[in-house]
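>>> Would you be able to build a 3D model of this:
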Amino acid sequence: MLELTNIKILPDFKIEVSFQNGEKKTCDLNLFLDKGAFKELRDLSLFKQIHNTGFSLEWPNEVDLSSDTLYAIGK
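Residues are numbered from 1 along each chain as shown. This next block holds a predicted model:
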């Protein structure tokens, strides 16, 4: 599992993720915003409360995405 070294919030519910191997990927989180607890993240103020734990991204509503998932969906 790759460690997340940096994240940057982009417009339209996208994020730029930097990994410990030096790669940067843009992840479109719209893929998740119609599913379960992810629906709450449509609230931009909540979405912006994203937190990098090192191996996942987490939000205050206990939603998270692993670095493996972000690496897989990133472009």
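
>>> In the chain, mark out all the helices, start to finish.
Here the chain has its helices, by DSSP state H, at 44-47, 67-73.

>>> and S56, which of those helices is closest to it?
helix 67-73 (6.2 Å; Cβ to Cβ). Yep, even glycine has a C-beta here, placed from its N, CA and C like the rest.

>>> for the helices of the chain, which one ends up most surrounded?
Highest mean neighbour count among those (mean count of other Cβ atoms under 10 Å): helix 67-73, with a mean of 16.

>>> Verify the contact between I73 and C27 for me.
Yes. If you go by Cβ atoms under 8 Å, I73 and C27 touch, sitting 5.4 Å apart.

>>> Now render the helices of the chain as a markdown table, adding distance to M1.
Shown next, in a markdown table, are the helices of the chain (distance: least, Cβ to Cβ, whole Å):
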| stretch | distance to M1 |
| --- | --- |
| helix 44-47 | 24 |
| helix 67-73 | 6 |
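
>>> nearest to K35, of these?
Closest among the helices of the chain, using Cβ to Cβ: helix 67-73, at 12.7 Å.

>>> Need the mean per-residue confidence for that closest one.
Mean pLDDT, computed over helix 67-73, is 97.

>>> go on, stretch 16-29?
Mean pLDDT, stretch 16-29: 98.

>>> before we move on, the earlier item: out of the helices of the chain, nearest to T5?
Going by Cβ to Cβ, the one of the helices of the chain nearest T5 is helix 67-73, 10.0 Å.
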